[in-house]
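Colleague: Generate a structure from the sequence data that follows.
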Amino acid sequence: MFASILLSRILGMIRGTVMSSQFGLGLESDAYVVASRIPDTIFMLIAGGGLSSAFIPVFSDLLHKNKEKEAWKTFSVVVTLCTIVAILLVLGAWALAPQIVEFLRESKPIAIVPSAVKMSRIMLPAQIAFLVGSVLLATLYARKQFAAPGLAPNVYNVGIILGATILPAVFHLGIEGMAWGALVGAIVGNLVLPSLAMMKVGSHFTPSLDFREPGVKRFFILLLPVILGFSLPSMVSLITQKFAGMYAGDGVNTILNESNNLMQAPLGFFGQALALAIFPALAEFVAKDEMDNYRAAVSKTLRNVVYLGTMSGALMLALAPLIARLLYGWGKASNTPGAVDGIADCLRIYSVAIFAWCMQPVLMRGFFSLHKTLKPVVISTAMTGIFILLCILATHNSPDYRMLPWATNVAALLLAVVLFFALESDVGRLDRRGILETWGKSTIAGAAGGTVAYLGSLLAPAHASKAIDLGLLFLFGMLGFWTFIGVSRLFKMPESAALDRVLNKFRRS
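Modeller: Purely as a prediction, here's the structure:
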């Protein structure tokens with residue numbers, strides 16, 4: 001799963017590079033970013049990732065209690081209902097697409113509306129694949145089948161990349177090709193491949209809306225708070241794009257979207273990967289009433305993600321200009337150096353709170369393992385409200401769009417802190433001192449590693465070839481990384497010892 005997440009993030013960065021190279025960083029790319037927010041909103045409206053978090057424990061519990069018939073009945077009802085709801089929402093969004101684009105574009109030229117509406121309508125049916133696919137993938141997780149879940153996001157990204165490169169050349173579609181690529185990638189990756197994998201494990205599906213099944217009732221009890229809430233991690237991109245539309249400059253939506261995507265890379269590598277890894281163990285500790293082990297596991301995982309998130313943030317902050325130039329200094333994007341600089345500036349700001357974003361999925365899985373979804377969703381919804389207020393203040397008091405990433409950072413830090421203390425109120429005191437100690441020492445090590453990487457990057461020539469840029473990024477990144485590791489070893493941090501064990505495994509393999 002770590003390998004698949006890593007590949008997905010790499011393909012996501014390549015996707016951004018291809019888009020900027022083919023179509024530039026301006027109104028055309030802004031139109032695509034605005035268009036993609038409409039289908040993304042549908043996915044969030046019916047819980048999106050919350051579907052799997054609610055379905056996995058219910059389906060697994062039925063299987064482990066030898067109630068396989070009831071498990072597949074529950075699966076059938078959930079898939080049937082998700083399909084109906086997704087179709088209805090897609091039809092509604094299709095009809096309202098012009099009004100939604102108008103709402104999102106704000107100060108952007110009206111010329112982007114027809115293109116954004118057309119692309120959003122192309123991508124909308126993909127949400128049926130995403131939502132039904134979420135249940136299929138959750139079922140495969142519960143059956144300990146990881147190949148299809150690992151492939152799904154990668155096939156989707158490949159579809160967009162091919163749509164950006166092949167379709168415009170063959171059918172002269174322009175940036176619209178990315179929308180078609182997203183549709184095909186979503187269907188193949190999230191519906192076709194999981195369906196084939198489900199057939200191999202002996203799944204049973206019969207269309208049904210029999211809500212009397214006990215498993216269905218338990219599923220909705222877990223899911224309902226997620227549906228009614230507006231999680232900050234899910235909503236931050238949509239809200240940022242809404243307020244980005246208030247800045248009239250070309251490419252602002254794209255700049256904020258791409259810098260946020262880059263910031264999300266370490267969140268996927270470390271926060272989400274470790275949260276996925278710890279989830280089954282936490283559920284087992286809860287089932288066995290081994291809460292001491294539960295608290296130790298949560299605390300240790302939080303210390304690890306703080307350590308890795310702080311390291312990532314320091315290196316991304318130091319090397320942001322080189323990263324942005326390497327990824328977005330191609331083709332048409334090279335004609336807008338100001339936009340590339342904007343991505344670097346926003347990435348530096350986002351990097352400050354990477355460790356807090358990495359904490360969030362671990363804390364959320366902590367609640368989910370307790371079969372509690374209401375409290376974290378209420379907290380996250382409240383933080384979404386605070387984030388909106390911060391965005392309003394930013395847009396009304398500053399003409400600089402870079403205030404929006406700062407608003408994101410404040411909300412992310414608040415969310416991590418409040419979720420931490422809320423989880424403590426349910427499970428008892430976690431290792432506060434150890435987590436703070438890890439954060440403090442990691443910050444010092446990060447400052448050292450970041451400084452080394454930054455000073456090295458100053459030696460990079462401004463107009464070097466991409467091969468030289470890549471080599472320098474690797475060189476200075478590794479110098480910063482090993483400086484961080486060296487300082488953390490001087491502090492005798494247990495997290496550095498754990499990282500050493502992982503690195504040693506790679507060396508032996």
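
Colleague: Spatially central residue for this protein, please.
Modeller: Closest residue to the average C-alpha location of the chain: Gln264 at 5.7 Å, with C-alpha atoms, centre = their mean.

Colleague: Which residue ranges of the stretch 151-300 of the chain form helices?
Modeller: Chain-ordered helices for the stretch 151-300 of the chain, with DSSP state H, counting those that start in this stretch as the definition, fall at 176-187, 193-200, 214-228, 232-244, 252-266, 273-287, 291-328.

Colleague: Adding distance to Lys492, write those helices out as CSV.
Modeller: For the C-beta atoms, the positions are set from N, CA and C on the backbone; glycine is no exception. Supplementary listing: these in CSV, determined by distance: least, C-beta to C-beta, whole Å:
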stretch, distance to Lys492
helix 176-187, 46
helix 193-200, 45
helix 214-228, 41
helix 232-244, 33
helix 252-266, 24
helix 273-287, 22
helix 291-328, 13
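
Colleague: Kindly reformat the ones you listed as CSV containing mean pLDDT.
Modeller: Conversion of those to CSV gives the following (pLDDT from 0 to 100):
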stretch, mean pLDDT
helix 176-187, 95
helix 193-200, 90
helix 214-228, 79
helix 232-244, 82
helix 252-266, 90
helix 273-287, 81
helix 291-328, 94
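
Colleague: of these, which approaches Cys82 most closely?
Modeller: Of all the helices of the stretch 151-300 of the chain, helix 214-228 sits nearest to Cys82, with 10.5 Å by C-beta to C-beta.

Colleague: quick one: what helix or strand has Ser496 in it?
Modeller: Secondary structure here is read from DSSP states H and E; on that basis Ser496 sits in helix 494-508.

Colleague: pLDDT on that helix, on average?
Modeller: Model confidence over helix 494-508 averages 72 on the pLDDT scale.

Colleague: What of stretch 9-26?
Modeller: Average pLDDT, stretch 9-26: 89.

Colleague: Measure how far that stretch is from the centre of its chain, please.
Modeller: For stretch 9-26, the gap between its own C-alpha mean and the chain's C-alpha mean amounts to 17 Å (C-alpha atoms, centre = their mean, to the nearest Å).

Colleague: Pull out the buried positions in that stretch.
Modeller: By neighbour count, with 16 or more other C-beta atoms under 10 Å as the criterion, the buried positions of stretch 9-26 are 9, 11-13, 15-26.

Colleague: Domains of this protein: list them as residue ranges, please.
Modeller: 1-228, 229-509 (automatic domain parsing).

Colleague: hang on, the earlier thing: return the most buried member of the helices of the stretch 151-300 of the chain.
Modeller: With neighbours taken as mean count of other C-beta atoms under 10 Å, the helices of the stretch 151-300 of the chain reach their highest mean count in helix 252-266, at a mean of 26.

Colleague: Summarise which helices and strands that helix is packed against.
Modeller: Secondary-structure packing of helix 252-266 (3 or more C-beta pairs under 8 Å, 6 or more residues apart in numbering; DSSP states H and E): helix 2-23, helix 27-45, helix 232-244, helix 291-328, helix 337-351, helix 354-369, helix 403-427.

Colleague: a markdown table for these, including distance to Ile468?
Modeller: Below are the helices and strands packed on helix 252-266 laid out as a markdown table (distance: least, C-beta to C-beta, whole Å):
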| stretch | distance to Ile468 |
| --- | --- |
| helix 2-23 | 17 |
| helix 27-45 | 26 |
| helix 232-244 | 33 |
| helix 291-328 | 10 |
| helix 337-351 | 17 |
| helix 354-369 | 27 |
| helix 403-427 | 29 |
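
Colleague: residue ranges with poor pLDDT in the stretch 401-509 of the chain?
Modeller: 502-503, 505-509 (pLDDT under 70).

Colleague: Please determine how far Ala281 is located from Gln145.
Modeller: Ala281 sits at a distance of 19 Å from Gln145 (criterion: C-beta to C-beta, to the nearest Å).

Colleague: ok, now Arg365?
Modeller: Plainly put, Arg365 is 20 Å away from Gln145 if you go by C-beta to C-beta.

Colleague: Please identify which of those two sits among more neighbours.
Modeller: Arg365 (25 against 17; other C-beta atoms under 10 Å).

Colleague: Verify the stated contact: the more buried one with Leu282.
Modeller: Yes. Judged on C-beta atoms under 8 Å, Arg365 makes contact with Leu282 at a distance of 6.5 Å.

Colleague: which residues touch Ala138?
Modeller: Contacts were defined as C-beta atoms under 8 Å, 6 or more residues apart in numbering; by that measure Ala138 touches 51-52, 55-56, 59.

Colleague: okay, the residues you listed in CSV with distance to Ile128, pLDDT and secondary structure next?
Modeller: Listed next are the contacts of Ala138 as CSV, based on distance: C-beta to C-beta, whole Å; pLDDT from 0 to 100; DSSP: H, G, I helix; E, B strand; the rest coil:
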residue, distance to Ile128, pLDDT, secondary structure
Leu51, 13, 77, helix
Ser52, 16, 75, helix
Phe55, 17, 83, helix
Ile56, 21, 79, helix
Phe59, 21, 85, helix
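
Colleague: which one of the residues you listed sits closest to Thr395?
Modeller: If you rank the contacts of Ala138 by distance to Thr395 using C-beta to C-beta, Leu51 comes first, at 32.9 Å.

Colleague: Now that closest one: closest residue in space that isn't a chain neighbour?
Modeller: The shortest distance from Leu51 to any residue that is not its chain neighbour, by C-beta to C-beta, 6 or more residues apart in numbering, is 4.2 Å, and that residue is Ser134.

Colleague: Perfect, that will be all.
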